[in-house]
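1. only geometry, no sequence info:
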């Protein structure tokens with residue numbers, strides 16, 4: 001808590017006053033980020049083909065995570081250590097999976113994606129790919145951020161669509 005207070009340039013007692021404990025601060029950070037991150041995209045179902053909708057959903061999730069690099073670390077690293085962290089990380093990841101799964105299900109209902117595919121399994125893979133890529137992004141030397149983003153999303157969407165399309 002002392003290091004957090006120093007980085008935030010506040011008194012440590014102030015953190016305890018507002019959050020009660022380190023776990024309370026952690027919960028607040030995770031829940032705050034979860035709000036926008038877990039909200040489905042505003043794209044209407046009738047605006048485009050299922051493949052475009054899936055790509056837009058993945059783009060939004062990718063961009064939301066890029067805007068919250070601390071959340072990527074919390075989801076991937078801290079979630080393996082404490083019960084509270086696992087619970088909150090699980091809630092966020094489950095919501096991301098639900099968003100993508102719903103998009104895949106809509107595509108199946110419209111006849112754009114194969115019915116034999118399990119939307120939840122594919123959505124879990126998509127979330128894993130996005131999180132994994134962002135966590136390891138520093139290892140690749142792929143040029144500017146926009147190029148890395150485009151290559152990542154093209155690869156992730158390509159893998160998903162090869163499994164989904166007829």
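-> Here it is on my side, so go on. If you're wondering where the values come from, they're calculated on a predicted model, not measured in any experiment.
2. so where's this structure uncertain?
-> Scanning the chain for pLDDT under 70 picks out the ranges 33-48, 78-80, 141-142, 166.
3. now residue 153, what's its secondary structure?
-> helix (DSSP: H, G, I helix; E, B strand; the rest coil).
4. wait, it touches residue 62, no?
-> Yes: using Cβ atoms under 8 Å, residue 153 makes contact with residue 62 at a distance of 6.1 Å. For every residue, glycine as well, the C-beta is placed using N, CA and C.
5. outside of the helix or strand containing residue 7, which residues touch it?
-> Using DSSP states H and E, the element containing residue 7 is helix 2-8. When contacts are taken as Cβ atoms under 8 Å, 6 or more residues apart in numbering, the neighbours of helix 2-8 outside the stretch itself are 11-12, 14-15, 25.
6. now, which of those lie within helices?
-> Judged by DSSP state H, the contacts of helix 2-8 include 12, 14-15, 25 as members of helices.
7. just the buried ones from these, in PyMOL syntax?
-> Buried residues within those, as defined by 16 or more other Cβ atoms under 10 Å, are selected in PyMOL through the command that follows:
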select buried, resi 15+25
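8. quick one: buried residues of stretch 102-113?
-> Neighbour-count burial for stretch 102-113, counted by 16+ other Cβ under 10 Å, picks out 102-108, 112-113.
9. could you do stretch 63-81 as well?
-> Residues of stretch 63-81 classed as buried under the neighbour-count rule (16+ other Cβ under 10 Å) are 64-66, 68, 71-72, 74-75, 78-79.
10. in CSV: those, plus secondary structure and distance to residue 119.
-> Formatted as CSV, the entries for these read as follows, by DSSP: H, G, I helix; E, B strand; the rest coil; distance: Cβ to Cβ, whole Å:
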residue, secondary structure, distance to residue 119
64, helix, 21
65, helix, 21
66, helix, 25
68, coil, 25
71, helix, 24
72, helix, 24
74, helix, 26
75, helix, 21
78, helix, 28
79, helix, 24
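11. okay, these in TSV with distance to residue 85 next?
-> Output for the buried residues of stretch 63-81, formatted as TSV (distance: Cβ to Cβ, whole Å):
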residue	distance to residue 85
64	19
65	17
66	21
68	15
71	12
72	13
74	7
75	9
78	5
79	5
